[in-house]
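Peer 1: build me a model:
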Amino acid sequence: MFAVFFQKFGVAKMFLKPLPQLLECIILDKNLLHSKLKLYLERYLTRNYAVVAEESFAEYFKILKFKNIILKQTEFNKYQKILQKSKQISIFVLNKGEKFKIKKDSNIIHITTPKMSAFDNKNNRLYKGKILADNLAENIVLFIKNKEKIKNPQINNLIPFKQKYCSLRLLYKNDVNDIILGQNVGEFRIKLGKILASYIDKKLIKNLDYIVGVPSSGIFYAVGLSQALNIPFLPALKKQEVSERSFEIVNTDVRKNYLYSNMQINSHLIKDKKILLVDEAIFTGATLKIVCDILRDNQVKEIHLAIPSPKCYKQCNYLMLPKRTLLLEKIKEDLMAQYLNADSLTFLPQEAYKNALMQINQNLCLECFENKGEINV
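Peer 2: Prediction:
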C-alpha cells in the first residue's frame with residue numbers, strides 16, 4: 001500500500017512512501033508539542049503514524065484511514081465538518097490556557113495546556129513552563145496505544161535542562177553536521193574514535209584486516225579509529241533506510257525485524273576477514289547482536305567490537321532513551337562479548353569519555369554511564 005505524504009515547501013509537494021492501510025495516528029502541522037508527540041509515536045507505534053501539513057489534510061483524508069488525529073483548535077475549527085463524518089476517529093484537540101484540563105465530548109478530546117517546559121533539540125532551545133511537554137506527549141500516545149488514562153503532566157524544569165546537556169546528543173542522537181554547544185558533532189565522533197584507538201589491544205591491531213562502522217551511528221568513530229590505527233576503513237554494511245533510529249522502537253520483536261530487513265552487507269569483501277566493528281554505544285545490545293549474527297552468516301572470520309563510550313549501567317531518568325531492559329541488567333559484564341557473538345569487546349573507559357565531554361561543557365550529563373566501580377574524574 002502506497003500513501004501520499006504532504007510536506008510544506010511554499011506549495012504542497014507529494015512524496016510516495018509505503019504506509020499501512022490503517023494508520024494509528026496522524027498529526028497536523030509541526031510545533032513544539034508535535035515534535036515531542038512524533039518522538040513518542042515513533043517509540044510506541046513505530047511507523048504507523050504520519051505528520052501532515054495542515055493545508056494538505058483534506059486531500060490526505062481522502063486517501064488513508066486512521067484511528068486518531070491530533071490537531072490544534074484552529075485546525076479543528078477549519079476541518080470540523082470533515083471530521084464530524086467519522087465518529088470512529090478519536091480527535092485530540094489542543095488548545096492553550098492557564099491550567100491543564102481535559103474534556104471529552106463523544107469521540108473528541110479537548111486538551112487545554114498552559115505554557116510547557118521542554119527542550120527543543122531541533123532548534124537547540126529550552127522552554128520553561130507549568131507542565132512537561134514530554135510527559136504530556138507520552139501520556140497522549142499511551143492513551144492511543146493502550147487506552148491508558150491521560151494523567152496530569154508533571155511540573156519539571158530539570159528534565160529539559162538535562163536533555164539539552166545530554167551527552168547522547170553528541171554520541172548518537174544528532175546529525176553529524178549539527179553544532180552542539182559549539183562542537184561539530186562529526187568532528188567530535190572522529191576525535192572520540194581516535195581516543196578509543198589507544199585502548200585497543202596492540203596484539204589485536206596487528207591482525208586486523210578492516211575497521212567497519214555500524215551504519216550510520218558508528219561510521220565517524222570508525223573513521224577516527226582507522227586514522228589513528230592506520231587500518232583501512234571498509235563501509236561493508238549499509239542500511240536501506242536511514243531515516244529512523246531503531247533504538248527508539250520500544251517493541252523488541254518489531255525492532256529486530258526492522259534491523260534484519262534493513263541491513264545490507266558486502267559479503268564478497270568481508271568474507272574470511274578479521275574486522276574491528278564499531279558502534280556508538282551498547283544499551284540493550286540488540287543492534288550489535290543482530291549485526292554480528294549477520295556478519296557470521298557471511299563468514300567473517302573474526303569480529304572484535306570497539307565502543308567509543310563506557311558501559312551503560314542505568315536507565316535514563318530524563319526521557320532521552322525509551323525504557324527497556326539494558327544488556328547489563330540481564331547478563332554479567334564478562335559475558336557481553338559472548339552474548340553478542342563477538343571475539344572481543346573494548347569500551348572507552350568512563351574517565352576518558354568524561355574528559356572528552358568536559359572539554360566541551362562542564363554541564364554535559366553522562367549519568368547513565370556512571371558506575372561506582374569505575375574511576376571518575
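
Peer 1: which stretches of the stretch 1-150 of the chain form strands?
Peer 2: 2-9, 11-18, 22-28, 49-52, 65-72, 90-96, 101-105, 108-113, 116-120, 125-127, 131-132 (DSSP state E, counting those that start in this stretch).

Peer 1: nearest to residue 294, of those?
Peer 2: strand 11-18 (22.9 Å; CB to CB). Yep, even glycine has a C-beta here, placed from its N, CA and C like the rest.

Peer 1: worst average pLDDT in the strands of the stretch 1-150 of the chain?
Peer 2: For the strands of the stretch 1-150 of the chain, the weakest mean pLDDT is recorded on strand 2-9, namely a mean of 32.

Peer 1: isn't residue 176 up against residue 188?
Peer 2: No. In this structure, residue 176 is not within contact of residue 188 by CB atoms under 8 Å, at 9.1 Å.

Peer 1: out of those two, which sits in the busier spot?
Peer 2: Comparing residue 176 with residue 188 by other CB atoms under 10 Å, the one with more neighbours is residue 188, at 24 against 15.

Peer 1: okay if I get the strands of the stretch 1-150 of the chain as TSV plus distance to residue 357 and mean neighbour count?
Peer 2: As requested, the strands of the stretch 1-150 of the chain are exported to TSV (distance: least, CB to CB, whole Å; neighbours: other CB atoms under 10 Å):
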stretch	distance to residue 357	mean neighbour count
strand 2-9	36	14
strand 11-18	37	10
strand 22-28	34	20
strand 49-52	33	22
strand 65-72	36	20
strand 90-96	37	19
strand 101-105	40	12
strand 108-113	34	18
strand 116-120	18	23
strand 125-127	19	13
strand 131-132	25	22
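
Peer 1: can I get these in JSON lines including distance to residue 291?
Peer 2: Output for these, formatted as JSON lines (distance: least, CB to CB, whole Å):
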{"stretch": "strand 2-9", "distance to residue 291": "29"}
{"stretch": "strand 11-18", "distance to residue 291": "24"}
{"stretch": "strand 22-28", "distance to residue 291": "29"}
{"stretch": "strand 49-52", "distance to residue 291": "27"}
{"stretch": "strand 65-72", "distance to residue 291": "34"}
{"stretch": "strand 90-96", "distance to residue 291": "38"}
{"stretch": "strand 101-105", "distance to residue 291": "44"}
{"stretch": "strand 108-113", "distance to residue 291": "41"}
{"stretch": "strand 116-120", "distance to residue 291": "31"}
{"stretch": "strand 125-127", "distance to residue 291": "35"}
{"stretch": "strand 131-132", "distance to residue 291": "35"}
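
Peer 1: among these, which is nearest residue 150?
Peer 2: strand 101-105 (5.9 Å).
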